[in-house]
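In: Pasted the sequence and its predicted model underneath.
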Amino acid sequence: MKNISIEIIPRTIEQFEKDIVTIRNNFPDINILNIPDLLRLDIRSWDVAKIAKKYFSTVIPHLRAIDFNLREPFKLISFFKQNNINSVLIITGDKPQDMSKKVYRNSCLELIRIFKKEAPDIKVYAGLDQYRQSFRKELDYIEDKRIAGADGFFTQPFFDIKLLEIYLDLLKDYEIFWGITPVLNETVKNYWESKNNVFFPSTFVPVMEWNVNFARKAVEIITAYKSNSYIMPIRVNIIEYLNEIFKNTKK
């Protein structure tokens, strides 16, 4: 496998740093850190990215295009350069439900273009949502992002090996990080189905054993394609989950 990225949510600075130190010490093959930017949290992804740079050479903070007034100079680019943050993941972003936070009518394409024009040395990733629309429309949208300047893509998590293999084959010439996350109860399963239009295979069971077996199989297939994994340990003990996935491959 080329790279393994892990996503860590910065709920507090102290816990965030503790988690990434533990991961770095115990799982040296995990070489890229992704940092989502969640409106419900006070900590912004780019602020903790400079902390994470002490432990990971590649840190990828997420930016939501609708959060920024792109008619003004985009000041975060200078922050990225000053702190040697050399990658970013740009998404359009969902509007907040209560609309208490101001948002703008931007798409990810606009912010991708700004980054590639003003900071061509910064690697720009975009999202790939295999559940959003038809294969054809999503592939066309990926191409729009590539033309705008996206260097690679991070997917939504997969739960079906057959679907993963279809996309791996269709996009084998792209730089893509393929998403894996555990779903351990019916409430979380219902969330993915209702919020993100995810469909689960008939064999799915919301228990750790099923999720670990799926993750191992997914990593094996992704490795065979010489591509990259993107692990999102949501609502789970991070170290226990990673140990189960990689316990036979740890150095």
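Out: Yep, it's here.
In: List the buried residues for the lengthiest helix in the chain?
Out: If you go by DSSP state H, the chain has its longest helix at helix 208-224. Applying a neighbour-count criterion of 16 or more other CB atoms under 10 Å, one finds 210-212, 214-216, 218-219, 221-222 buried in helix 208-224. (Glycine included, C-beta is placed from N, CA and C.)
In: Report the contact partners of residue 124.
Out: By CB atoms under 8 Å, 6 or more residues apart in numbering, the residues touching residue 124 are 87-88, 90, 112, 115-116, 149-151.
In: and of the buried residues of helix 208-224, the nearest to residue 191?
Out: residue 211 (15.1 Å; CB to CB).
In: Who are the contact partners of the residue lying closest to that closest one once chain neighbours are set aside?
Out: Setting aside the residues directly before and after it, residue 211 is nearest to residue 182 in space (CB to CB, 6 or more residues apart in numbering), at 4.1 Å. Neighbouring residues of residue 182 by CB under 8 Å, 6+ apart: 208, 211-212, 215, 233-236, 241.
In: what does residue 208 give?
Out: Residue 208 makes contact with 182, 184, 236, 241, 244, according to CB under 8 Å, 6+ apart.
In: I'd like the distance between residue 191 and residue 65.
Out: Distance, residue 191 to residue 65, using CB to CB, to the nearest Å: 24 Å.
In: These two: who's more crowded?
Out: Comparing residue 191 with residue 65 by neighbour count (other CB atoms under 10 Å), the higher total belongs to residue 65, at 21 against 13.
In: model confidence over stretch 187-206, on average?
Out: Averaged across stretch 187-206, pLDDT comes to 95.
In: Just the buried positions in that stretch, please.
Out: 189, 192, 198.
In: Take these and keep only those in helices.
Out: If you go by DSSP H, these have 189, 192 in helices.
In: Looking at the buried residues of stretch 187-206, which is nearest residue 159?
Out: Nearest member of these to residue 159, counting by CB to CB, is residue 198, at 6.6 Å.
In: Excluding sequence neighbours, find me the nearest residue to that closest one.
Out: Nearest non-adjacent residue to residue 198, counting by CB to CB, 6+ apart: residue 192, 4.0 Å away.
In: Look up how far residue 49 lies from that neighbour.
Out: Residue 192 is 27 Å from residue 49, by CB to CB.
In: Would you confirm that the residue nearest to residue 198 contacts residue 186?
Out: No - counting by CB atoms under 8 Å, residue 192 does not reach residue 186; the two are 10.8 Å apart.
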